[in-house]
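In: Quick one: sequence and predicted model below, then my questions.
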Amino acid sequence: MIKWGMKVGGQVDIKRSDGRVHPAVVSGFNDSTRSVTVEWFENQETKGKELDLHHLAALNPAVFDALKKGGNKGDDKPAPSTDGGSSSSGTDASAKVAQRRPTRAVKATAGRKKHLPAVGQSSSAAANVTESKDEDVDRKKSGGSSSTTSSGGGGKGKVFNNIQEIAAKREARRANHEKQAKKNEVDKAAKANNPNWEFAVMVDDYRSTKHIVQGIPPGMQASDRKITVCVRKRPLNRGERNRCDVDVTTIPDGENLLLHECKNKVDLTRYLEHHHFRFDQAFDESVDNATVYKYSAAPLVRTIFEKGMATCFAYGQTGSGKTHTMLGEYKEGTNTPDSTGGVYAMAAADVFRYNEQPEYKAKGLAVSVSFFEIYAGKVFDLLNGQKRLRVLEDGKQQVNIVGLAEQPVSNIRDVFELLKIGTDMRASGTTSANQNSSRSHAVFQIVLRTRKNKKVHGKFSLIDLAGNERGADTSSANRQTRMEGAEINKSLLALKECIRALSMKSKHTPYRASKLTQVLRDSFIGNNARTCMIAMVSPGLESCENSLNTLRYADRVKELKKDKAILTDAGGGAGGAGSGGVATASKASGGRRPAGKTRSSAEPAAPVAATAPDSSNTDAALEMDDAEDGDWLLEPSPLESSLARQDLKRLHESLKIKDRDHNNNLFNFHNAVAEVVEAEERLEEEHRATIQLEREMLDEEDRLLQDINGVDYDVEDYAQRLDQILDTKIKRLTELSTSVRSFRKQLQDEEQASKQVPKGAMGDEF
């Protein structure tokens with residue numbers, strides 16, 4: 001039915017509060033207020049409004065004419081048929097035209113909910129809706145009745161309900177708008193305080209295109225390989241979150257890792273370079289210590305019960321979570337870790353559990369532990385008041401740590417107590433990355449010995465490595481910190497090449513290149529040696545460069561082929577993959593030979609023999625007992641020092657440094673640091689010997705004075721003995737003075753060599 005020149009389901013033009021004019025569908029009339037309810041479609045939702053007749057008359061000529069002719073006259077006229085006849089309304093005339101040639105706008109509108117006109121559609125296009133479709137809309141709105149008027153009680157109720165529904169939707173829209181406005185304000189403030197928000201959005205967008213499995217993927221198995229390399233990502237810490245740091249590390253599954261390096265083009269356009277790495281296992285931030293241990297170090301425990309050597313390293317930059325993994329989570333408000341939740345304690349618990357099994361209990365094995373640290377090339381016993389120790393080779397050419405305390409343990413509680421003692425003793429310093437940075441390599445060893453003859457049956461070495469310090473912490477620091485960084489980098493480089501030599505079954509293992517690899521010599525030789533490395537990475541954007549160095553280091557230890565499907569659209573390379581040069585020439589025996597042993601004809605006098613196999617790469621390495629009767633400990637010989645230099649030279653030849661001068665300068669610096677450390681040890685020993693001689697000479701002088709107290713004494717004998725005492729003292733002090741001057745010269749050489757190394761180069765050699 002037509003009312004005021006309109007009908008339910010027909011279209012009229014309306015004007016919005018912002019001045020826009022667009023078509024809407026009439027949904028009801030209200031006689032008491034002389035108003036019309038209309039609806040339209042906008043932003044994927046239906047909207048409605050109640051308008052008075054004067055508003056509609058100003059925009060719709062048909063309404064204006066109907067009101068001018070008498071208001072309600074003709075209200076009961078039926079709607080014109082769709083198959084013929086003329087219409088007094090301009091809208092009906094337009095509808096006829098639409099039957100013959102509907103416009104594209106009508107076709108798009110016809111498929112929308114309730115055939116409502118879209119905002120922005122022209123009035124003429126909106127009017128081109130056929131009468132048949134209008135009648136369909138009318139029947140749907142009225143529940144099948146021919147019209148909805150103010151005179152019908154049911155019609156009034158339905159119109160009222162429609163108005164209430166429209167009002168509720170309007171309030172809901174306003175609430176959502178206010179909520180979104182507040183969220184936009186918060187986001188705007190966050191972006192203002194976070195200069196890396198663009199990178200954060202880019203990383204999130206990239207991750208949304210990948211299938212990511214959190215935690216441990218189904219079917220993941222612990223590795224049974226000789227060399228296992230794992231990587232663990234820690235979560236962002238509180239400081240990084242406060243700085244609005246961006247998580248740029250993604251672990252999509254249990255073995256692949258993606259590092260998103262944020263870069264700027266020449267035109268300052270920001271983009272991501274994705275580095276892909278693949279390892280035996282990859283653990284994301286949701287994995288706890290127990291799970292990491294289960295898939296990394298736990299399979300190695302059985303090895304030591306089978307007369308093998310097992311080694312587990314935690315490697316990474318300072319603050320990446322190495323100590324957290326090996327020792328356990330730090331107690332709140334303290335700098336002491338909870339030693340019950342780390343890999344050290346879990347491995348010890350498994351050792352006691354295996355030792356109680358019938359197949360191993362019958363062997364009668366006793367468990368003992370030792371705990372020492374290597375700091376700036378020096379070894380200190382953490383279970384004996386941080387006593388300085390010496391590393392020497394015995395007559396069997398086996399490396400021994402002289403005086404190292406080995407404590408017997410009978411249960412896990414004993415292990416916890418020793419771990420606490422050693423942890424409190426461990427040297428800590430401050431770097432730019434961590435307020436409690438571990439500046440030393442901490443080595444915790446679990447030793448199995450037979451109860452009868454105390455022979456070593458197996459050994460499990462667990463190492464919390466020092467941070468792979470960057471040039472920012474070394475090149476501009478004082479000598480002590482600079483030498484710390486140089487020793488750390490050199491030992492990590494030597495460790496990598498020793499593990500690679502074990503994996504490749506090389507004839508020569510360059511263990512003499514650093515003190516760390518020297519004391520762990522038995523872990524790199526023999527057919528029953530297994531090693532696991534856990535590379536720790538920090539997820540933040542600020543740590544991206546250090547994390548990239550860590551991943552490249554771990555990738556060089558064991559290069560696995562990447563799955564190209566993981567990285568199909570990345571702009572960057574795999575980051576550090578490639579073949580590294582490993583020395584294959586065997587080493588000659590270092591130190592002096594026991595009596596009765598001569599050089600064979602096949603063994604040349606040169607330090608390195610290409611034809612002689614390395615006698616250390618045999619299962620005889622298990623004979624690691626302390627010096628027994630008939631054995632002796634040897635001072636480092638010139639030949640051994642020469643072999644150490646050759647090992648260091650081989651390490652630098654394996655580096656991927658294109659600039660030969662840079663490589664030579666780096667080698668000269670590491671060599672200078674090694675010479676300083678050795679000279680310092682010799683000077684300390686010489687100084688102690690001089691003090692001991694001074695005490696002996698004082699005793700001799702006391703006896704001499706007692707001899708001349710009597711009346712009858714030989715004056716000539718007195719003068720001769722005193723002259724001998726003075727000559728001895730002068731000779732020893734002259735030698736000590738010469739050693740001091742030589743040592744000071746070496747310190748100057750080290751300082752000059754450090755200046756030749758480019759700033760920031762420390763740590764990049766991996």
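Out: Cool, the structure landed.
In: Which parts of the stretch 601-750 of the chain are helices?
Out: Using DSSP state H, counting those that start in this stretch, the helices of the stretch 601-750 of the chain run over residues 638-653, 660-707, 715-756.
In: can you pull out the helices in the stretch 301-450 of the chain?
Out: Remark: helices of the stretch 301-450 of the chain, listed N- to C-terminal, are 301-305, 322-327, 343-355, 358-361, 412-425; assignment by DSSP H, counting those that start in this stretch.
In: Phi first, then psi, for the closest residue to residue 707 other than its chain neighbours.
Out: In this structure, residue 707 finds its nearest non-sequential neighbour in residue 713, 6.0 Å apart by Cβ to Cβ, 6 or more residues apart in numbering. (C-beta placed from N, C-alpha, C; glycine too.) Reported as degrees, to the nearest 10, the phi and psi values for residue 713 are phi -150, psi 160.
In: Tell me the pLDDT of residue 713.
Out: At residue 713, the pLDDT value in this model is 77.
In: quick one on the thing from earlier: and the helices of the stretch 301-450 of the chain: which comes nearest residue 68?
Out: The closest approach between residue 68 and any of the helices of the stretch 301-450 of the chain, judged by Cβ to Cβ, belongs to helix 322-327 at 85.4 Å.
In: returning to that earlier point: any idea how far the residue nearest to residue 707 lies from residue 675?
Out: The spacing between residue 713 and residue 675, counted by Cβ to Cβ, to the nearest Å, is 51 Å.
In: So the two - more neighbours on which side?
Out: Taking residue 713 and residue 675 together and counting by other Cβ atoms under 10 Å, residue 675 has the greater number of neighbours (17 against 11).
In: residue contacts, the more buried one?
Out: 746, 749-750 (Cβ atoms under 8 Å, 6 or more residues apart in numbering).
In: before we move on, what about residue 517?
Out: Residues counted as contacts of residue 517 (Cβ under 8 Å, 6+ apart) are 491, 494-495, 498, 510-511, 524.
In: Among the residues you listed, name the ones in helices.
Out: Under the assignment DSSP state H, those contribute 491, 494-495, 498 to helices.
In: Make TSV out of those residues and add pLDDT, neighbour count and distance to residue 220.
Out: Below are the ones in helices among the contacts of residue 517 laid out as TSV (pLDDT from 0 to 100; neighbours: other Cβ atoms under 10 Å; distance: Cβ to Cβ, whole Å):
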residue	pLDDT	neighbour count	distance to residue 220
491	87	21	32
494	86	26	32
495	88	28	27
498	87	30	28
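In: Any chance of JSON lines for the residues you listed, columns distance to residue 719?
Out: Output for the ones in helices among the contacts of residue 517, formatted as JSON lines (distance: Cβ to Cβ, whole Å):
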{"residue": "491", "distance to residue 719": "55"}
{"residue": "494", "distance to residue 719": "57"}
{"residue": "495", "distance to residue 719": "60"}
{"residue": "498", "distance to residue 719": "60"}
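In: Report the two of the residues you listed separated the most.
Out: The widest separation within the ones in helices among the contacts of residue 517, taken as Cβ to Cβ, falls between 491 and 498 and amounts to 10.2 Å.
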